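Q: compute the structure for the input listed below.
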Amino acid sequence: MPSILLASTNAGKIREYRSLLSGLGYPLVTLAEQGISKVVTETGSSYEENARIKATAYAELGHLITLADDSGLEVDALGGEPGVHSARFAGEDATDADRIRTLLARLDGIPWEKRTACFKCVIALATAEGRLELCRGECQGMIAFEARGESGFGYDPIFYLPGIGKAMSELPLEIKNEISHRAQASQKVHEALKRLCS
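A: Predicted coordinates for the structure are as follows:
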C-alpha cells in the first residue's frame, strides 16, 4: 500500500488521525518524517479552500497521496465566528488557552440557550497528479461558561455536548473519535481513497 502524507504539524491532530485512520491499511507519514519543512499558508475563505490548498501543495512536494484538513468552531451568537479564523482568533502566536479566553470574553453575558455552536471539518485528499476528493463532517454542541477536562486540544475544553453531558475534552479518545467533526469526515476517507486510487 502507498503511504499517505498527513499534512499537519499539530501534534494533537496527528495523534487523532493516526487513531481515526488506523484501519485504512495505508501507512500514515508526517511532514517531519518526510523531511518537508515548507509552510503552506492557508489563504482561502472557506474550510474547503484551505484544505484543498494544503493538500495539493504538499502532494506536489511529497509525491504522495496527501491528507490535509481545515476545521473550525462556529458560534451562532457570534455570527459564525471564529470559523475559518479559529486558529488565529486570538492572534498569530496565541495558545489554545489564549483562544479560549478570547472566545469566552466575547460571549460574556450570553445566556446558555444562546451559546449553540458547531465544530466543522473538511478533509481534502490530493494526488501529485492533481486528483482531489473532499470529505466533510460536523458536530453540534454548546459553548460552556468555563474550560473543562484535560484531554483534547483547541476549543475542546469549552465545547459541551448536551447529549453526553460532558465537554469534548472530558471524553476518552475512543469516544471522541466516534462523534467529533473530524471523526465524521474521517469516516468518508476510505471511499474517497478508493475513488482516488481507481
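Q: phi first, then psi, for the residue nearest to the spatial centre of the chain.
A: Centroid check for the chain by Cα atoms, centre = their mean gives residue 71 as the closest residue, at 4.0 Å. Main-chain dihedrals, residue 71, degrees, to the nearest 10: phi -150, psi 160.
Q: got the buried residues for the longest helix belonging to the chain?
A: The longest helix of the chain (DSSP state H) is helix 47-62. Going by neighbour count (16 or more other Cβ atoms under 10 Å), the buried part of helix 47-62 is 47, 49-59, 61-62. The way it works is simple: take the backbone N, C-alpha and C, and place the C-beta from them, glycine included.
Q: list just the nearest of the residues you listed to residue 20.
A: residue 51 (15.5 Å; Cβ to Cβ).
Q: ok, the closest one - contacts?
A: Contact analysis of residue 51 by Cβ atoms under 8 Å, 6 or more residues apart in numbering lists 68-70, 122-124, 134.
Q: equivalent analysis for residue 17, please.
A: Neighbouring residues of residue 17 by Cβ under 8 Å, 6+ apart: 6, 8, 28, 67, 182, 186.
Q: now for the fifth one, how many residues are close by?
A: The burial count assigned to residue 182 is 22, neighbours taken as other Cβ atoms under 10 Å.
Q: what's the pLDDT at it?
A: Per-residue pLDDT puts residue 182 at 94.
Q: wasn't it part of a helix?
A: Yes. Assessed with DSSP: H, G, I helix; E, B strand; the rest coil, residue 182 lies in a helix.
Q: spatially, and excluding backbone neighbours, which residue is closest to it.
A: Counting by Cβ to Cβ, 6 or more residues apart in numbering, residue 182 lies nearest to residue 121, which is 4.9 Å off, once chain neighbours are set aside.
Q: regarding the nearest residue to residue 195 once chain neighbours are set aside, what is its secondary structure?
A: Spatial nearest neighbour of residue 195, excluding adjacent residues (Cβ to Cβ, 6+ apart): residue 133 at 6.0 Å. On the three-state scheme (three-state DSSP), residue 133 is labelled strand.
Q: grab the nearest non-local neighbour of the residue nearest to the centre of the chain.
A: On the basis of Cβ to Cβ, 6+ apart, the spatially nearest residue to residue 71 that is not a chain neighbour turns out to be residue 121, at 3.9 Å.
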